[in-house]
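Visitor: I would like to see how this sequence folds:
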Amino acid sequence: VQLQASGGGSVQVGGSLRLSCAASERTTVMAWFRQAPGKGRVFVAAHRWTEYYADSVKGRFTISRDNAKNTVYLQMHSLGPGDTAVYYCAAGNTLIQSTLTEGTAYAYWGQGTQVTVSS
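Guide: Predicted structure coming up:
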């Protein structure tokens, strides 16, 4: 499965962005992770029949999925400097609910797209 992420860019504090990730075929789970400068990759959100979010983005980010296009979206609002990171799309087929936040559980990864939030 190949994943192609897009939609990153630079925005000011309080702004919004929408990321997209198109998959070459359908997978059970699609998710977003992010990696800030000097830090490890962390879970942001996942879509597996329902939606799962990291506490840090709840109420600000929305993950959605278009199964007809094998595409997952991440709508981000109220962005702050702490959201600056490279955002990675991930996908997999064998994940159980307890592993959705673990990057090692995902078999497929996109190339990453940069999101920069400045004041």
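
Visitor: name the SS class of the residue sitting nearest the centre point of the chain, please.
Guide: In the chain, the C-alpha nearest the mean C-alpha coordinate belongs to Trp32, at 2.0 Å (CA atoms, centre = their mean). Using DSSP: H, G, I helix; E, B strand; the rest coil, the structure places Trp32 in strand.

Visitor: in the sheet, who's paired with it?
Guide: On the basis of DSSP bridges, Trp32 is bridged to Ala45, Cys89.

Visitor: so it makes contact with Ala85?
Guide: No. Judged on CB atoms under 8 Å, Trp32 makes no contact with Ala85 at a distance of 10.3 Å. No exception for glycine: its C-beta is placed from N, CA and C like everyone else's.

Visitor: which stretches in the protein count as helices?
Guide: Under the criterion DSSP state H, the chain contains no helices.

Visitor: check contacts around the residue of it most remote from its centre.
Guide: Distance to the chain centre peaks in the chain at Ser119, reaching 22.7 Å (criterion: CA atoms, centre = their mean). Ser119 sits next to Gln12, Val13, Pro81 when contact means CB atoms under 8 Å, 6 or more residues apart in numbering.

Visitor: give me that answer again for 10 Å
Guide: For Ser119, the contact set (CB atoms under 10 Å, 6 or more residues apart in numbering) comprises Gln12, Val13, Gly14, Gly80, Pro81.

Visitor: correct me, but Lys58 touches His77?
Guide: No. Assessed by CB atoms under 10 Å, Lys58 is found out of contact with His77, at 11.7 Å.

Visitor: quick one: which of the two has more around it?
Guide: Neighbour count, other CB atoms under 10 Å: between Lys58 and His77, His77 has more, with 14 against 10.

Visitor: not counting sequence-adjacent ones, nearest residue to that one?
Guide: Once flanking residues are discounted, His77 sits nearest to Ser16: 4.8 Å by CB to CB, 6 or more residues apart in numbering.

Visitor: measure the one you found to Ala22 for me?
Guide: Taking CB to CB, to the nearest Å as the measure, Ser16 falls 21 Å from Ala22.

Visitor: and stretch 106-119, end to end?
Guide: 34 Å (CA to CA, to the nearest Å).
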